[in-house]
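Colleague: give me a 3D structure for the following:
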Amino acid sequence: MKKQHLIPTAILGTFLLATSPVMASSLADVNISSAGVDFQLTSNFGGSYTLTVSGPDDYHSQQDFAAGEAPYFSTFDKAGQALAAGSYTWTLTHNPVASDDREIAVKREAQRQSGAFTIQAGGSIANPNLIENLDKAQVYTTDLITQGSACIGFDCETSESFSFDTFRLKESNLRLHFDDTSASANFPSNDWRLIANGSNNGDASYFVIEDATASARPFTVEAGAPNHTAYVDSEGRLGVVQADPAVGIHHTDGNSPALRLEQDGSDGFQSQTWDISGNETNFFFRDVTNSSKIPFKIRPGAADDAIFVAASGDIGFNKEGPSDELHIRRTDDSSTKILIENANAGAETVGVDMTSAAGSYSMRVTNAGDFALRNLTTANNVTFTAAAAMVLPAIDTAPSSCSNGSLYHDSSEALCACFGGTWTRISGTGSCV
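Modeller: Residues are numbered from 1 along each chain as shown. Below is the predicted model of the structure:
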């Protein structure tokens, strides 16, 4: 177990007195009697008073006095025994009546007066001239070393229990300011501040790193944040609610961990929000702005290279390194197909268009159930009807190229075929010229 930092009460008391605010005027005149110290209030400030005294052997006394009651400290205990001989320090604190709900305002208005005296054997106080006011700020021009713990703040006590704390700030308005006084050119001089909680009634509880120069707060942790909300391991990996991050950023959540990308419109662009998330059902992109539609999903268990985009822009489905612009590959004994579906029964056609410098063509399935091959340049169709008939378009002039086995429908109502390089009528009444 780590050894606790313990500090003698008298040393702690002196430290606390040294950090008290400078007094504009004294609260009381200090008078010595044969059995103690009497504090004659110099003005009726209203409110109560607290007198704390620390001395040898971890002695500590705290007494509260009502408004109008003169504070007094006896050098004898309740049994009539003289207190231990040695040096004692005291602090008299005026506790004003709170006039509003801002506790910090009341704290800052509180006045204090401090001093010290020595008790001799038998309970008498040594030369009264040794009583001194320690309420002024103390400046050290050499190193200050405290072999123990230290507490700074209005609410530090001379009997402070530090546990394992080496340094403690204790009051209702906690700030630690790093004031860089660098003035030479090119030297950094930005000021920073650590802030614990808001100062006003109703403010949130949080810990903040503030850029004091720019009045910006780049880092905030709210009270109640879960364990390991932000955890950086020895490899530089960041865990979000995760103490053992396995990759650069590792986010853990009990339900659909997500990353939100929000364009808020602050630079003049239209607002848009996307979520990237995953759970036991799928990995998905969510368009939050547009009714949280999910345009992209991947189910758990999807095969390797289910979608592969090569550097050339070619796309492979179940194929790493596609051999063509679109390469679909299967390795089982099931059929390999492409399905194009329009689920709207009123759709006119469903099809595929193909375009090159030489021409443009399409394949269509009509809402009548026909399948058509269409020349998009001439608008001529070759149609296979739902009744298993083939319909050729009627054209006025025989094609210039005659390949054996070719067919065309002449506008003269002749069905023509190519045999031996010549168009020959095989049906109908017209001619094939």
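Colleague: when you work out contacts or count neighbours from here on, use the C-alpha atoms and nothing else.
Modeller: Will do.
Colleague: immediately after the helix or strand of the chain with the lowest mean pLDDT, which helix or strand?
Modeller: In the chain, no helix or strand scores lower on mean pLDDT, DSSP states H and E than helix 9-18, which sits at a mean of 32. Per DSSP states H and E, the first helix or strand lying C-terminal to helix 9-18 is strand 28-33.
Colleague: now that following strand, how far from the chain's geometric center?
Modeller: 57 Å (C-alpha atoms, centre = their mean, to the nearest Å).
Colleague: show me the shaky parts of the protein.
Modeller: For the chain, the stretches flagged by pLDDT under 70 are 1-25, 45, 98-110, 127-137.
Colleague: quick one: the helices in it?
Modeller: Secondary structure of the chain (DSSP state H): helices at 9-18, 103-109.
Colleague: ok, residue 415 - contacts?
Modeller: 407-409, 425-428, 432 (C-alpha atoms under 8 Å, 6 or more residues apart in numbering).
Colleague: closest to residue 397 out of the residues you listed?
Modeller: Ranked by distance to residue 397 (C-alpha to C-alpha), the contacts of residue 415 are led by residue 432 at 8.1 Å.
Colleague: my guess is that closest one contacts residue 398. True?
Modeller: Yes: using C-alpha atoms under 8 Å, residue 432 is in contact with residue 398, at 6.5 Å.
Colleague: which of these two has more residues huddled nearby?
Modeller: Neighbours of residue 432 and residue 398, each counted by other C-alpha atoms under 10 Å, are more numerous for residue 432; the result is 24 against 17.
Colleague: which ones are touching the more buried one?
Modeller: 398, 410, 414-416, 423-425.
Colleague: can you pick the most crowded of those?
Modeller: Tallying neighbours with other C-alpha under 10 Å puts residue 423 at the head of the contacts of residue 432, with 25 neighbours.
Colleague: where do the contact lists of residue 432 and residue 398 overlap?
Modeller: In contact with both residue 432 and residue 398: 410, 423, using C-alpha under 8 Å, 6+ apart.
Colleague: just list the residues touching the nearest residue to residue 236 once chain neighbours are set aside, thanks.
Modeller: Distances taken as C-alpha to C-alpha, 6 or more residues apart in numbering put residue 248 closest to residue 236, at 7.4 Å, once the chain neighbours are dropped. Contact analysis of residue 248 by C-alpha under 8 Å, 6+ apart lists 236-238.
Colleague: equivalent analysis for residue 293, please.
Modeller: With contact taken as C-alpha under 8 Å, 6+ apart, residue 293 is in contact with 286-287.
Colleague: relative to residue 286, how far out is it?
Modeller: Relative to residue 286, residue 293 is positioned 6 Å away (C-alpha to C-alpha, to the nearest Å).
Colleague: repeat that for residue 139.
Modeller: 61 Å.
Colleague: next, format the contacts of residue 415 as TSV and append distance to residue 312.
Modeller: TSV is the format used below for the contacts of residue 415 (distance: C-alpha to C-alpha, whole Å):
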residue	distance to residue 312
407	40
408	41
409	43
425	50
426	50
427	51
428	52
432	48
